[in-house]
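K.L.:
Here is a sequence together with a model predicted from it:
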Amino acid sequence: SSSCPAQYRIVIIGAPQVGKTSLANQFMTSEYVAFENDTDDKEDNPGVRSITVLLDSEESTLEFIEMSLETKDLDEQPCDAFGIVFSINDQASFRSAVEVLHCLRHDIGTDRPIILIGNKIDLVRKRKVPKEDGRAAAIKYESKYTETSAALNHHVDELLVGLLTQIRLKLTPK
Ligand code: GDP
């Protein structure tokens, strides 16, 4: 149809320095992006970015909101999906990601998609978190697991497509 694209909000959460901003920056340059939207409060809120994506002949507007681990009442965030980021060379960032995943799944139930994201896979020799651990945590909490390198823009498009696909699947009436 020619109506306005559906608009979805995605909360990106994770420890400091894991690559949340870098991932969001790479989303902006994806080949799936039709255009970037102005956000109302760019000055106050550099952590909010909005793009309109064309996937399967359908446009959707995705708003990304970065949040820290300290954010209270995550489950009350008006959003359609969560991306929980850790860095594969940092065990502590993985532990806190799994803790957020555990709490979030407990609080929100299974209605909204959560993707666990192991970033910095270019740091092969510094890897501390086996891929299998990431995958196991995701399975345990009914979420998806994906690994990316924001630095090399590796698998970032797949992550973007994965997020939108998960949202569309969950919102499609059964
Ligand atoms: P944030 O605090 O989670 O938003 O993390 P940033 O996006 O600011 O990234 C923190 C640091 O990690 C910066 O120096 C980035 O350049 C670096 N970084 C981000 N993603 C990657 C990655 O995939 N690989 C590598 N090697 N460094 C990365």
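P.N.:
Alright, I've got the coordinates.
K.L.:
What is the helix or strand encompassing residue 158 packed up against?
P.N.:
Using DSSP states H and E, residue 158 sits within helix 156-171. Packed against helix 156-171, as judged by 3 or more C-beta pairs under 8 Å, 6 or more residues apart in numbering; DSSP states H and E, are the following elements: strand 6-14, helix 20-28, strand 48-55, strand 58-67, strand 81-87, strand 114-119, strand 144-147. To be clear about C-beta, it is placed using only N, CA and C from the backbone, and glycine gets the same treatment.
K.L.:
Quick check: which element contains residue 72?
P.N.:
Using DSSP H and E, residue 72 falls outside every helix and strand.
K.L.:
how far away is it from residue 124?
P.N.:
36 Å (C-beta to C-beta, to the nearest Å).
K.L.:
what does the model give the closest residue to residue 5 other than its chain neighbours for pLDDT?
P.N.:
Nearest non-adjacent residue to residue 5, counting by C-beta to C-beta, 6 or more residues apart in numbering: residue 59, 3.8 Å away. On the pLDDT scale, residue 59 is placed at 96.
K.L.:
What of residue 114?
P.N.:
Looking at residue 114, the pLDDT reads 98.
K.L.:
Neighbours of it, how many?
P.N.:
Applying other C-beta atoms under 10 Å, we find 22 other residues in the vicinity of residue 114.
K.L.:
and it, what does it touch?
P.N.:
81-84, 101, 104-105, 141-144 (C-beta atoms under 8 Å, 6 or more residues apart in numbering).
K.L.:
and it, what are its bridge partners?
P.N.:
Using DSSP bridges, the bridge partners assigned to residue 114 are residue 82.
K.L.:
pLDDT averaged over the longest helix seen in the chain - what is it?
P.N.:
Criterion DSSP state H: the longest helix present in the chain is helix 91-108. Taken as a whole, helix 91-108 carries a mean pLDDT of 97.
K.L.:
who's in contact with it?
P.N.:
13-15, 17-18, 69, 74-75, 82, 84-88, 114, 116, 118, 128-129, 133-134, 137-138, 141-143.
K.L.:
interface residues of this protein facing the ligand?
P.N.:
The chain comes close to the ligand at residues 14, 16-22, 119-120, 122-123, 149-151, as judged by C-beta under 6 Å from any ligand atom.
K.L.:
Thanks again, I'm all set now.
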